[in-house]
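K.L.:
Build the 3D model from these lines:
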Amino acid sequence: MQSYLLEPKRRSAPVRFLRGFVVFAVAVALVGYAIGGWIVSSEIGDTILRPSAGESIPDGSVVAVAGDRITLRAEEAADRDVGADGVFGFNTGISYLRLGEILSSVGSDITRTFEVMEGPKPEMGQLGDVDVNARPAELAANDLGFAPVTYRSPLGDMDAWLVEGSSMWLIYVHDPGKGLDQAQRLIAATAGEGFTHMAITYRNDPGQPADPSGIMRFGVAERDDLAAAVAFARDHGAEQVVVVGYGAGASIAMAEMYRDLGLTGAILDSPIIDGESAAKAYVERSPLGILPSAPPGVAEVGTVFASLRYGINWNSADYLKRSDQLIVPVLLLHGTDDERAPIEDSQALADRRPEQVTLVAVEGAGSDAVWNRDPAIYESAVLDFLDDVRSAD
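P.N.:
As a prediction, the model looks like this:
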């Protein structure tokens, strides 16, 4: 009997090379995604979960002033666009201007109408920032009658502004990194209605008690502060309470709205309805290192890493998923050009709960600039909504 020794079949050199190259490429891709995801998670932590109202580059500079016309030159990478349509403030630190109609635009130079609200007329070369509030904070406080008060939250005393009025209270929750003056546009718009207005601070705001985690949790923790403010209102005669939330402040409003079934309604401006969706939207439009934007899939990896690193529960911050719990009327005010809070989430909430939710989508408006783009539409929608909930309750 003959025996045969079977030798293993050897692959050709090109096949071995191709297999090795594929393994190497996959390994490099996995490492790249891991590194990219880690960088993205740090950006989410620093920009979204721990927002700061720190210094930024100026939004524009004064090129020319003639009568009631001003030409501003937009700065690159500015937070706000000096050429955005609508009504805005422009603060040079010496003067405060209200910007109006755009008359012309040539390159980065925008000429528009303006009026001086505070200080002298601006001079050529002065730098300034666009302000969505369109009114100096101190002037607004005097005109609208803000009085400082404190309310007791689970973490300690929190500061607030109060404008006294009727037993129908509007409680304002600003976007993290912004201030109490974010409420002034709506307070001014409803000044003749006699409502009581309360604009609150909450945990992690400058000068206020800090959350033990040190991060913003899209309402999962902050709702306890809002609940304390609502209790303050009820202790001081409130019979109807409407919460008003901006950006991630709207997340806080929704978290409490799902828990406190005695609220009258909610007005949500540029709302973040799903925290993870907003984080991904931010990542997908932001540069990653030398790349103009994060490659596909990196945003998902980054949000997973952010959850692990910062203990954020994205599922708990998804108020769209829990929309079946919604029982109070809600007015959503959202711009179609909002790059921070996806308007698709607002549209989805309105589609899921059409009997409870009214969406006013303003064409061309950016984040927290719905009023600025069209004050008449904004104010009409708010006043109609408040009339409805006041009479229905």
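K.L.:
Not counting its neighbours along the chain, what's nearest A250?
P.N.:
P271 (3.3 Å; Cβ to Cβ, 6 or more residues apart in numbering). For the C-beta atoms, the positions are set from N, CA and C on the backbone; glycine is no exception.
K.L.:
hmm, I was thinking of R234
P.N.:
In space, R234 comes closest to V241 once its chain neighbours are excluded; the distance is 7.2 Å by Cβ to Cβ, 6+ apart.
K.L.:
wait, what's in contact with that neighbour?
P.N.:
Counting by Cβ atoms under 8 Å, 6 or more residues apart in numbering, V241 makes contact with 168-169, 171, 230, 233-234, 262-264.
K.L.:
Filter those down to the ones in strands?
P.N.:
168-169, 171 (DSSP state E).
K.L.:
Contacts for stretch 345-361, please.
P.N.:
Contacts for stretch 345-361 (Cβ under 8 Å, 6+ apart): 268, 271-274, 277-278, 319-320, 323, 326-336, 343, 370, 377-378, 381, 385.
K.L.:
Only whichever of the residues you listed are buried, select them in PyMOL.
P.N.:
In PyMOL, this line selects whichever of those come out buried by 16 or more other Cβ atoms under 10 Å:
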select buried, resi 268+271+272+273+274+277+278+319+320+323+326+328+329+330+331+332+333+334+335+343+370+377+378+381+385
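K.L.:
Which of the contacts of stretch 345-361 fall in strands?
P.N.:
Of those, the ones assigned to strands by DSSP E are 268, 330-335.
K.L.:
Pull the most distant pair out of those.
P.N.:
V330 and G335 (17.2 Å; Cβ to Cβ).
K.L.:
How is the protein divided into domains?
P.N.:
17-49+276-311, 60-131, 137-274+317-392 (automatic domain parsing).
K.L.:
possible to save those domains as TSV with mean pLDDT?
P.N.:
Shown next, in TSV, are these (pLDDT from 0 to 100):
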stretch	mean pLDDT
domain 17-49+276-311	75
domain 60-131	92
domain 137-274+317-392	94
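K.L.:
any idea where the helices of this structure begin and end?
P.N.:
13-43, 137-144, 184-189, 223-235, 248-259, 275-285, 298-310, 343-352, 370-373, 375-392 (DSSP state H).
K.L.:
and of the ones you listed, who's closest to M198?
P.N.:
helix 223-235 (6.3 Å).
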